[in-house]
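Novice: Need coordinates for the following:
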Amino acid sequence: MPKRTRRNINQARRAEIGAERRSRTRGELLAAALELFGQPHGRNTRIEDVCAKARIARGTFYNYFTGIEPLLEALSDSLTRDFDAAVHGAFDRLQGPVERTGAAMRYYLHAPLIDPRWGWAIVNSSVGRTLYGENITQHVRDSIQEGIDSGDFTIDSADVGRDILLGTGISATISLLQGGTPADYPEKIALHVLLSLGATRQVAQAVTSRPLQELPRLATSSRFFRGTLGGAEEAAPRSGSPARPAPDARANRRRTKAGARNTAARQSR
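Specialist: The predicted structure follows:
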C-alpha cells in the first residue's frame with residue numbers, strides 16, 4: 001500500500017478515535033450531572049461537583065461546556081428527547097388536542113414516580129429555566145393553540161395555557177417526589193389543567209380516566225431513563241393489543257418506597 005494511502009487511513013482513524021473520546025467524556029459529564037442534579041437538593045450542584053463526580057479536570061469541562069447553563073441545557077435535552085419522542089409516538093393512537101394534552105401530562109407526571117432520579121433531575125435542571133427545555137415548551141404551546149383553533153379549549157391565549165400547564169407540572173412533580181399524594185394524583189392534576197384550558201368537565205373526566213397506552217420502547221431506550229412506564233419494558237404493542245393502565249403494581253411499590261425515603265430524609269434534617 002502506498003505511504004500516502006496509509007497516512008490518510010491513519011489520520012482518519014486518529015480522528016475517529018478522538019471523536020469517540022470526546023463523545024465518551026461528554027457522556028461522563030452528563031452522567032455525573034444526572035446523578036448530582038437527580039437528588040432532592042441537586043439544584044445546588046456546582047461545576048466542581050460535576051468534575052469531581054466525573055473524575056474530570058475543570059479545565060477539561062470547559063472543552064465541552066462554557067458553564068453550568070449549557071450543561072443543564074444538554075442534560076435537559078438528554079433527559080427528555082427520547083421520552084418526549086415516545087410520548088408523541090403514542091399520540092397516533094389518540095384523538096384530538098384534549099386527549100393528547102391530558103395523556104402527555106399524565107405520562108410526564110407518572111415518570112418521576114417510576115424513576116425519582118429522573119424526576120429530580122428534571123426539576124433541578126429547570127430552576128430558573130424553562131421546564132423540560134425549549135423544544136417541549138414549544139410543543140406544549142402548539143398543542144394548546146391547536147385546541148383553541150379547534151374549539152376544544154376556550155382559554156384566550158396559548159401562552160397563558162402553556163404557563164398554566166408547565167407551572168402546574170413542575171409543582172405537581174415536586175409534590176409527587178416528596179410523597180404523600182394519592183395514587184391518582186397525576187390524573188387529578190391533568191383533569192384540572194384541562195378544565196383550566198377550557199375543556200368541558202365531561203370530556204376532561206373521560207380523557208383522564210382512560211388507561212394510558214403503553215409507550216413505545218423508545219421511552220426506555222433512553223440512557224437517562226431507567227424506569228418503565230405503562231408496561232414499556234416489554235415489546236411495543238402490536239396493533240389491537242390491549243392497553244395496560246399506568247402506573248402498574250411495580251410502579252406503586254417504587255412510589256411507596258420513594259415516598260418513605262423522602263419522608264425519612266426530611267425527618268432526619
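Novice: how much space between L176 and P211?
Specialist: 19 Å (C-beta to C-beta, to the nearest Å). Heads up, the C-betas are built off the backbone N, CA and C, glycines and all.
Novice: swap that for R22, sorry
Specialist: Counting by C-beta to C-beta, the separation of R22 from P211 is 44 Å.
Novice: just to revisit the earlier point, if you count surrounding residues, which of L176 and P211 has more?
Specialist: Taking neighbours as other C-beta atoms under 10 Å, L176 and P211 compare with L176 leading, 23 against 11.
Novice: mind listing what the more buried one touches?
Specialist: Residues in contact with L176, defined by C-beta atoms under 8 Å, 6 or more residues apart in numbering, are L109, P112, L113, G119, Y185, P186.
Novice: same for the helix or strand hosting the third one, what does it pack against?
Specialist: In this assignment (DSSP states H and E), L113 forms part of helix 96-114. In terms of contact count using 3 or more C-beta pairs under 8 Å, 6 or more residues apart in numbering; DSSP states H and E, helix 96-114 is assigned the packing partners helix 68-90, helix 116-125, helix 134-150, helix 158-178, helix 185-197, helix 201-209, helix 249-268.
Novice: Quick check: which of the ones you listed is buried the most?
Specialist: Mean neighbour count (mean count of other C-beta atoms under 10 Å) peaks for helix 116-125 among the helices and strands packed on helix 96-114, with a mean of 24.
Novice: Quick check: mean pLDDT of that one?
Specialist: The pLDDT scores in helix 116-125 average 92.
Novice: relative orientation of it and helix 96-114 in degrees?
Specialist: Orientation check (axes from the mean of the first three to the mean of the last three C-alpha atoms, to 10 degrees): helix 116-125 against helix 96-114 gives 110 degrees.
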